[in-house]
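>>> The sequence and its predicted three-dimensional model are supplied below.
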Protein chains: 2
Amino acid sequence: MGRLAPVRRASTVDLIAERLREAVVDGSLPPGTVLGEAELAYQLGVSRGPLREAMQRLTAEGLLVIPRRRGLAVRTMTPEDVRDIHWLRARIEPELGRRILTLPAAERRTVLAELGAEVKRMQRALKKDDARALGDAYLDFHRVLAAWGGSLRLARMLGTLLIETRLCTFSMFEHFEVHRDLVAEHVGFVEALAAEDGERFEALVQVHLEAEVRRLLAEPEDATEDESDRLLAETPGEPQPLDRLDLPEGL
Amino acid sequence: MGRLAPVRRASTVDLIAERLREAVVDGSLPPGTVLGEAELAYQLGVSRGPLREAMQRLTAEGLLVIPRRRGLAVRTMTPEDVRDIHWLRARIEPELGRRILTLPAAERRTVLAELGAEVKRMQRALKKDDARALGDAYLDFHRVLAAWGGSLRLARMLGTLLIETRLCTFSMFEHFEVHRDLVAEHVGFVEALAAEDGERFEALVQVHLEAEVRRLLAEPEDATEDESDRLLAETPGEPQPLDRLDLPEGL
DNA sequence: GATAATCTGATTGTCGACAAACTTACAATA
DNA sequence: TATTGTAAGTTTGTCGACAATCAGATTATC
């Protein structure tokens, strides 16, 4: 008697949340973007009720902020956030290698195949000098890691951290900006796993994350003309950045 | 000119979420509890709108599950969850000691004082054999650790993990159940910090968390085939975003 | 001329209501 | 007697509307 997985249809709230997450990830809603509920609800083809519910969820995930009576805004990450997020990632991701190496051989091969595919995507993107594609492959590489290396909770948590990482990139530079070393570093991850060298994997990931922080903080947004200033001005920034206003309460 | 912290009034949603969190923590809403929206909204004195928004937030935090068309239910933790949560805590909490030790001397003293106070609370509770008070002090001890050892994000994340830990206790035993060794272990934490021995602190916390898992899983409460199991089966976390349907596009 | 007070327009926060969906109970049939 | 089909009842999911609130602009005052 084969056991069937329970059917689970996504609710409207799920759909909206996912749609918004995508928009944040692909850059169509850059950090600092302020949106009105009515307008956004109309665009999504839903009423304000479910939209507001989805907003609460994304707020809990740290992607959105809800300034009182000002709709919603995409969170702007500060250098503080960059360090924070990467510190957390550094606590978790290096360990994932060890976990993956304890998997049955068959599954382990699958993981390696999937990771290899993502690395190939990265290489192709690098060749085409397509920073966006490179970033996407990067995201998926680490998602694969999270999916296989841990539980659902862990995968979800890391997934959020990864999207936040993307937000860091957008917040620090104003376009996709990915370093070339990135691909080489990820080749190293896969090699370490293939060699079943958990220690080495751990060390490499650690180094990678530290490098990422340096790269992200190296160029502290020289806020030059155009777009950036407009957005920055929209967020009543100076005394207190918008983001600080409405962080979810509680410890 | 003293810099004033911006006022932040809690929104209704914040209030509701906080109230629900409290109820979960103090055991008045044990795992598996199923609640109807209308009834609960009436009890809280709000309408269903804000309540539903708060539900989404707590769902994102992993405290609630929202079975379709069945209102809301307090999450029931499985042995899997127990391991998972403590694994995550074990990645983070041991490091907090090191961080606290890098604080300025004055603040460090404050931390030690606060931690000491919580330990005293634990001792008093133990003497009175008051498991609930002991659990509360435990919670606050680790909250202090989180508050001083990291960023807001980290404190929030750990706060959630701690509440989930409490849910684990309720799910495994159905009443407050705290081991006696607990107090001694925490005395050890404080001593290690007082001695500025980060290594030792790390090791002790690690041991403590492993012990907790053992204690929680030692007596797997025979999950009787009732409500809670059905609900759990219905909502095993979030599905991978493979199944994304399309939103009804713009009216 | 600059600061303060007032007004207005727009948007949110909240609520009540309706319809669809689901559960449960009951009845009918094999 | 067990199983399937049917129907009623309850609850959710969603929407539309109203009022309080706030931001921005305008006017008045020192």
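Nice, I can see it.
>>> Identify the residue spatially nearest to the residue in the stretch 1-150 of chain A positioned nearest to DNA strand C, adjacent ones excluded.
The stretch 1-150 of chain A approaches DNA strand C most closely through A:Gly71 (3.0 Å), counting by C-beta to the nearest atom of the strand. (Each C-beta comes from the backbone N, C-alpha and C, glycine too.) Distances taken as C-beta to C-beta, 6 or more residues apart in numbering or on different chains place A:Gly36 nearest to A:Gly71, at 4.6 Å, with adjacent residues excluded.
>>> what about the one you found, how many neighbours?
11 (other C-beta atoms under 10 Å in any protein chain shown).
>>> next one: A:Glu202
Neighbours around A:Glu202, by other C-beta under 10 Å: 17.
>>> Tell me the confidence at it?
If you check A:Glu202, the pLDDT there is 97.
>>> Surely it is in contact with A:Ile100?
No. A:Glu202 lies out of contact with A:Ile100 (C-beta atoms under 8 Å); the separation is 11.6 Å.
>>> Quick check: the gap between A:Leu64 and DNA strand D.
18 Å (C-beta to the nearest atom of the strand, to the nearest Å).
>>> and that residue, what does it touch?
A:Leu20, A:Met55, A:Leu58, A:Leu72, A:Ala73, A:Val74, A:Arg75 (C-beta atoms under 8 Å, 6 or more residues apart in numbering or on different chains).
>>> filter those to the buried ones?
Taking 16 or more other C-beta atoms under 10 Å in any protein chain shown as the criterion, what is buried in those is A:Leu20, A:Met55, A:Leu58, A:Leu72, A:Ala73, A:Val74, A:Arg75.
>>> quick one: which of those residues sit in helices?
A:Leu20, A:Met55, A:Leu58 (DSSP state H).
>>> could you pick out which of those are near chain B?
Filtering those for neighbours of chain B using C-beta under 8 Å from any C-beta of the partner chain leaves A:Met55.
>>> With respect to A:Pro104, which of the ones in helices among the buried ones among the contacts of A:Leu64 is nearest?
Taking C-beta to C-beta as the measure, A:Pro104 lies nearest A:Leu58 of these, at 36.2 Å.
>>> what about the residue found closest to A:Ala194 once you drop the neighbours it is linked to in the chain, which helix or strand?
Of all residues not flanking A:Ala194 in the chain, A:Leu112 sits nearest, at 6.0 Å (C-beta to C-beta, 6+ apart). For A:Leu112, the element it lies in under DSSP states H and E is helix A:105-127.
>>> packing partners for that helix?
helix A:79-101, helix A:131-149, helix A:181-194 (3 or more C-beta pairs under 8 Å, 6 or more residues apart in numbering or on different chains; DSSP states H and E).
>>> Next, format these as a markdown table and append distance to B:Gly116.
What follows is the helices and strands packed on helix A:105-127, written out as a markdown table (distance: least, C-beta to C-beta, whole Å):
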| stretch | distance to B:Gly116 |
| --- | --- |
| helix A:79-101 | 27 |
| helix A:131-149 | 38 |
| helix A:181-194 | 44 |
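>>> possible to save the ones you listed as JSON lines with mean neighbour count and mean pLDDT?
As requested, the helices and strands packed on helix A:105-127 are exported to JSON lines (neighbours: other C-beta atoms under 10 Å in any protein chain shown; pLDDT from 0 to 100):
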{"stretch": "helix A:79-101", "mean neighbour count": "20", "mean pLDDT": "96"}
{"stretch": "helix A:131-149", "mean neighbour count": "21", "mean pLDDT": "95"}
{"stretch": "helix A:181-194", "mean neighbour count": "18", "mean pLDDT": "96"}
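>>> Out of those, flag the one nearest A:Ala5.
Of those, nearest to A:Ala5 by C-beta to C-beta is helix A:131-149, at 16.1 Å.
>>> helix/strand/coil for A:Val46?
When classified by DSSP: H, G, I helix; E, B strand; the rest coil, A:Val46 comes out as coil.
>>> A:Ile16 is in contact with that one, correct?
Yes. Between A:Val46 and A:Ile16 there is a contact at 6.4 Å, judged by C-beta under 8 Å.
>>> Neighbour count for those two, which is higher?
A:Ile16 (25 against 20).
>>> residue contacts, the more buried one?
Counting by C-beta under 8 Å, 6+ apart, the residues that A:Ile16 touches are A:Leu44, A:Val46, A:Pro50, A:Leu51, A:Glu53, A:Ala54, B:Leu247.
>>> What residues does chain A have near DNA strand C?
Chain A has residues A:Gly36, A:Glu37, A:Ala38, A:Arg48, A:Gly49, A:Arg52, A:Ile66, A:Arg68, A:Arg69, A:Arg70, A:Gly71 near DNA strand C, with proximity defined as C-beta under 7 Å from any atom of the strand.
>>> And the third one, which helix or strand is it part of?
To tie it back to what came earlier, the one meant is A:Ala38. helix A:37-44.
>>> Just checking the distance from that helix to the centre of its chain.
Relative to the centre of its chain, helix A:37-44 is centred 24 Å away, using C-alpha atoms, centre = their mean, to the nearest Å.
>>> Tell me which other helices or strands that helix touches.
helix A:48-61.
>>> And the helix it packs on, what's buried?
A:Pro50, A:Leu51, A:Arg52, A:Glu53, A:Ala54, A:Met55, A:Gln56, A:Arg57, A:Leu58, A:Thr59, A:Ala60, A:Glu61.
>>> ok, the fourth one touching B:Ala54?
No. Assessed by C-beta under 8 Å, A:Glu53 is found out of contact with B:Ala54, at 9.5 Å.
>>> Would you mind measuring from A:Ala54 to A:Glu95?
A:Ala54 sits at a distance of 32 Å from A:Glu95 (criterion: C-beta to C-beta, to the nearest Å).
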